[in-house]
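Q: Next comes the sequence, and after it the predicted model I'd like to discuss.
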Amino acid sequence: MNWMTNWMMREGPGIPKNAPKKTGLALFFFVLFREAWDLFKLNVMLLVLSIPLVTIPAAFAAATRITVLMVQDENVYLWRDFWRAFRQYFRAATVAGLAFAAVLGLSGYAVYIYAQMARHNLAFAIPVAIGASVVIVTAMTASVYFVLMVRSELHGAPLLKAALMAVLARPLPILGGLAVVAALWVAHIIFYPASVFMPVVFNFSLGSLVMTFTAFRASDFALSLAGVTGPDHGANDPATAQMRN
């Protein structure tokens with residue numbers, strides 16, 4: 001059986017020295033296939049740590065930290081990095097998550113109410129459109145906010161301002177990311193019960209990877225405007241350095 005062991009343990013072809021760096025969709029699918037097994041494990045951890053419900057924002061922030069490392073092609077020690085990020089960002093992520101959830105809930109409910117009224121009076125289509133726009137912009141801002149949170153030392157109002165600047169600077173990739181995440185859940189609903197295991201296997205971690213990937217360049221732009229410099233925009237601070245050691 002030595003031949004099988006040698007075949008399984010042989011060195012791969014490697015990457016040509018002068019090969020151009022992958023960008024765009026090529027880079028995304030490269031990361032997706034390279035990290036497929038870790039994404040599955042990340043999905044399970046995200047689900048388990050979200051069971052108390054109040055921990056959902058912190059679990060999402062930790063998952064975002066992992067996917068940021070994946071996109072940057074950094075070494076990922078999955079459980080250690082996830083747990084440290086979960087503890088580090090618990091308070092900030094919980095406060096931000098509750099705030100974004102409140103805005104999304106109120107604006108979504110307003111859309112529902114005005115949509116019922118618009119069935120009898122088209123004038124109410126205007127507040128429906130406004131409410132829907134608030135929902136979309138808030139979701140985009142929230143996704144970038146969490147990416148910026150785990151990539152920098154910004155917090156509070158400066159972090160929210162940077163997230164809004166990122167959304168204004170590169171709205172289409174972020175909107176496309178939200179569309180992909182929505183499509184995952186629509187597929188889950190359409191193909192149920194055949195798709196019953198989709199959320200358990202990859203929906204959450206893949207959604208986190210998609211949103212990190214689509215918001216990454218926008219977050220770079222926002223952090224440069226905020227004057228945040230250095231490796232990973234503040235990754236040399238003690239907390240982030242601890243996460244990598």
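A: Thanks, I have the structure now.

Q: what helix or strand is the spatially most central residue of the chain on?
A: Centroid-nearest residue in the chain, with Cα atoms, centre = their mean: residue 208, separated by 3.4 Å. In this structure, residue 208 is located in helix 204-225 according to DSSP states H and E.

Q: Give the residue spans of the chain that score low on pLDDT.
A: Filtered on pLDDT under 70, the chain yields the residue ranges 1-20, 229-245.

Q: can we see that at 80?
A: Counting by pLDDT under 80, the low-confidence segments of the chain come to 1-24, 226-245.

Q: Tell me which stretches of it form strands.
A: For the chain, no strands are identified by DSSP state E.

Q: one step back: ok, now which ones touch the residue nearest to the centre of the chain?
A: Residue 208 makes contact with 42, 46, 60, 63-64, 66-67, according to Cβ atoms under 8 Å, 6 or more residues apart in numbering. Just so you know, the C-beta spots here come from the backbone N, C-alpha and C atoms, and that holds for glycine as well.

Q: neighbours around the nearest residue to it once chain neighbours are set aside, how many?
A: On the basis of Cβ to Cβ, 6 or more residues apart in numbering, the spatially nearest residue to residue 208 that is not a chain neighbour turns out to be residue 63, at 4.4 Å. When counting by other Cβ atoms under 10 Å, one arrives at 29 neighbours for residue 63.

Q: And for residue 179?
A: A count of neighbours around residue 179, defined by other Cβ under 10 Å, yields 13.

Q: Repeat that for residue 60.
A: When neighbours are defined as other Cβ under 10 Å, residue 60 has 24 of them.

Q: Touching, it and residue 93? I think so.
A: Yes - with contact defined as Cβ atoms under 8 Å, residue 60 and residue 93 form a contacting pair (7.0 Å).

Q: what's near enough to touch residue 115?
A: Going by Cβ under 8 Å, 6+ apart, residue 115 touches 124, 128.

Q: quick one on the thing from earlier: quick one: the residue nearest to residue 208 from residue 216, how far?
A: Plainly put, residue 63 is 15 Å away from residue 216 if you go by Cβ to Cβ, to the nearest Å.

Q: same check, this time on residue 204
A: Residue 204 sits 19 Å away from residue 216, taking Cβ to Cβ as the criterion.

Q: Mind checking which of the two has more residues around it?
A: Applying other Cβ under 10 Å to residue 204 and residue 216 shows that residue 204 carries more neighbours, namely 24 against 21.

Q: how far does the longest helix along the chain sit from the chain's center?
A: Ranked by residue count and defined by DSSP state H, the top helix of the chain is helix 90-118. Between the centre of helix 90-118 and the centre of its chain there are 19 Å (Cα atoms, centre = their mean, to the nearest Å).

Q: what does stretch 204-222 give?
A: 5 Å.

Q: show me where the chain has helices.
A: Listed in chain order, the helices of the chain (DSSP H) span residues 2-9, 24-34, 36-49, 56-71, 78-88, 90-118, 125-151, 156-169, 171-190, 198, 204-225, 238-244.

Q: now for the third one, which elements pack on it?
A: In terms of contacts (3 or more Cβ pairs under 8 Å, 6 or more residues apart in numbering; DSSP states H and E), helix 36-49 is packed against helix 56-71, helix 78-88, helix 204-225.

Q: Could you tell me which residues within the shortest one count as buried?
A: Meaning helix 78-88. Neighbour counts over helix 78-88 (16 or more other Cβ atoms under 10 Å) mark 78, 81-82, 84-86, 88 as buried.

Q: and the angle for it with helix 36-49?
A: Relative orientation of helix 78-88 and helix 36-49, computed by axes from the mean of the first three to the mean of the last three Cα atoms, to 10 degrees: 40 degrees.
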